[in-house]
Each structure stands twice: as C-alpha cells, then as structure tokens.
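J.: Give me a 3D structure for the following:
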Amino acid sequence: MKKIITLLLMFTIISNSFGQDSSVGPEFRKHRFGLKGTPGVAYFDVNKYGKKNKGLGYHIGGGLNYEYSLSKNVAIVSGLIFSQTSSKVEYEDSLGLDYIRVLNGAETNERAYRIHSRSYVFNSVDIPLKFKFRTPEIGYYTYYGEFGATANIITNAFARKNLVTQKEDFTKSELSENESRLDANKESHFLRGAINFGGGVEWNVAGNTSLLFGLNGNLGFTNILKKESESINYDNGSSFKRATNLNYIAIQVGVQF
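T.: Now for the predicted structure:
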C-alpha cells in the first residue's frame, strides 16, 4: 500500500512539473462526464480454514463516470456503476446445506448431506471515490493513474452451481430446476468496501471527447459474506464460520466528454 501511495505522489509531482508549460490539448474543464464499461475477472480471498477459492469468476459493469478537476493534472473521480460479480468457493469441511425446495408451487425444507462447492453472484450499485493524476496531452494521449475506494451496495445475491451429495453414499450432483439458483441475500452483507487503484490512457478524438482505456484493481477490505452462514452448517447443527473478501481486476473502456 505504501509503495502504491509513493508511486502516485511521484506521478503527481512529475505531471505538475510538465503541466506548468502545457498550453495545448483539449479545453480545460472543471467538470467532465462519461460512460464506461468494466469487464474483468473476480476471485475470493478466503481467510478461514474449511473452504478455499475455486478458480476465477467474472465481473461485468457499466455506468456513469464523473470527474471534478482540482487542476489540469489532478481530479476527483466518482460515478454510478451497475455491476454483477461472481466467484467460486470449495468447501473442505464436512458440511451440509439447508435449502428450500419448490415443487408445484409448494415449498419444503430440504437438507443436502454434503455441499462441496458453489458459485456466488452479487448484483450491486458501485460508487467509487478516487484521486486521478494525469499527464498533459502527449500526441493526443493523456496518461493517468488513480487511487481511492469503492462502496458497493449489494442489491441482490444468489448461489448457483451448488455441487452437493444429497444423501450419504450418493454421488455428487448439482442442484437443478427450481433449486439451481438459491437466494443468498441472508448470507451476504448489504455493503462492501474496497481499495480501488489503476491506470490507463485517454485518447483525444475531437475537442473535449476522449476514449478511455485502462486497468483497475478492486480489493475488498470488508467481508462480503456474513461470518456465520444460515444455510451451511455442521452435522451437529453448529454454524460454519468464515471470512471472505471479494476482489476483482477489470479493464476500463469508455468515453469522456
């Protein structure tokens, strides 16, 4: 973290040094608006014994971008992004899964003898708040680095690809039909906090219109799943305890005005 902050401070000093004599490029504006998309990959950081990350999931998002310029080289960036992020987890402990089965409109409580793995999917509204440090325009290109935080408001959460053993001595199988997608809102927190950092380039195509391309890391510092699961537990009835952060790395593509 200290290395990232040091690099960004150096970037700011260099940018301002070059920027003092800059008189070319697009018109300076205090307020800039834009649209961007953020496709990428996601993964869980599991900090408790009993389960582990099971490969990469996906992240996809898009929405509005806003910049307030403090100077030609420094801006505060925010926006409103709608996203969906998924990641996989594998369970190492001997755990059962309680779930609701829906058949012909009737609900019954069921229990799978063992749960082996599942994928969580989170829909969210994301509000970033970052400092953006940029160079003067160099041959139609402006390079930037950014650092800050993101608040993710979780609007919906569900679990799919639930790999279970329904009864002792049965073979493994995924829950299907109405149970292929299980509600996980009670399993997840309403709010996720994350460190947000990255860099990229803007290409000025005409006037104050620029195309944006960059790479962004988003590392959660709060657990996205609650400490104790309401549906995953041991055979003696005790709850499964966990500590799970959700991280993702995304490409940023968009247009700025």
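J.: What's the biggest strand in the chain, counting residues?
T.: Criterion DSSP state E: the longest strand present in the chain is strand 141-165.
J.: So which bits of that strand are buried?
T.: Of all the residues in strand 141-165, those buried under the rule 16 or more other Cβ atoms under 10 Å are 142-148, 150-152, 154, 157-165. Quick note: C-beta positions are derived from backbone N, CA and C, even for glycine.
J.: what's around residue 206, how many residues?
T.: Number of residues near residue 206 (other Cβ atoms under 10 Å) recorded here: 7.
J.: Look up the residues forming beta bridges with it.
T.: Residue 206 has these beta-bridge partners by DSSP bridges: residue 209.
J.: Where do the strands of the stretch 151-257 of the chain begin and end?
T.: 172-174, 181-183, 191-206, 209-220, 228-233, 239-241, 244-256 (DSSP state E, counting those that start in this stretch).
J.: Distance to residue 47 and mean pLDDT for the ones you listed - can I get that in JSON lines?
T.: Output for those, formatted as JSON lines (distance: least, Cβ to Cβ, whole Å; pLDDT from 0 to 100):
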{"stretch": "strand 172-174", "distance to residue 47": "26", "mean pLDDT": "96"}
{"stretch": "strand 181-183", "distance to residue 47": "24", "mean pLDDT": "95"}
{"stretch": "strand 191-206", "distance to residue 47": "15", "mean pLDDT": "97"}
{"stretch": "strand 209-220", "distance to residue 47": "11", "mean pLDDT": "97"}
{"stretch": "strand 228-233", "distance to residue 47": "15", "mean pLDDT": "91"}
{"stretch": "strand 239-241", "distance to residue 47": "11", "mean pLDDT": "87"}
{"stretch": "strand 244-256", "distance to residue 47": "7", "mean pLDDT": "96"}
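J.: Select, out of the ones you listed, the one closest to residue 76.
T.: The minimum distance between residue 76 and the strands of the stretch 151-257 of the chain falls on strand 191-206, with 12.9 Å, by Cβ to Cβ.
J.: now for the closest one, which elements pack on it?
T.: The helices and strands touching strand 191-206, judged by 3 or more Cβ pairs under 8 Å, 6 or more residues apart in numbering; DSSP states H and E, are strand 114-134, strand 141-165, strand 209-220, strand 244-256.
J.: That'll do, ta.
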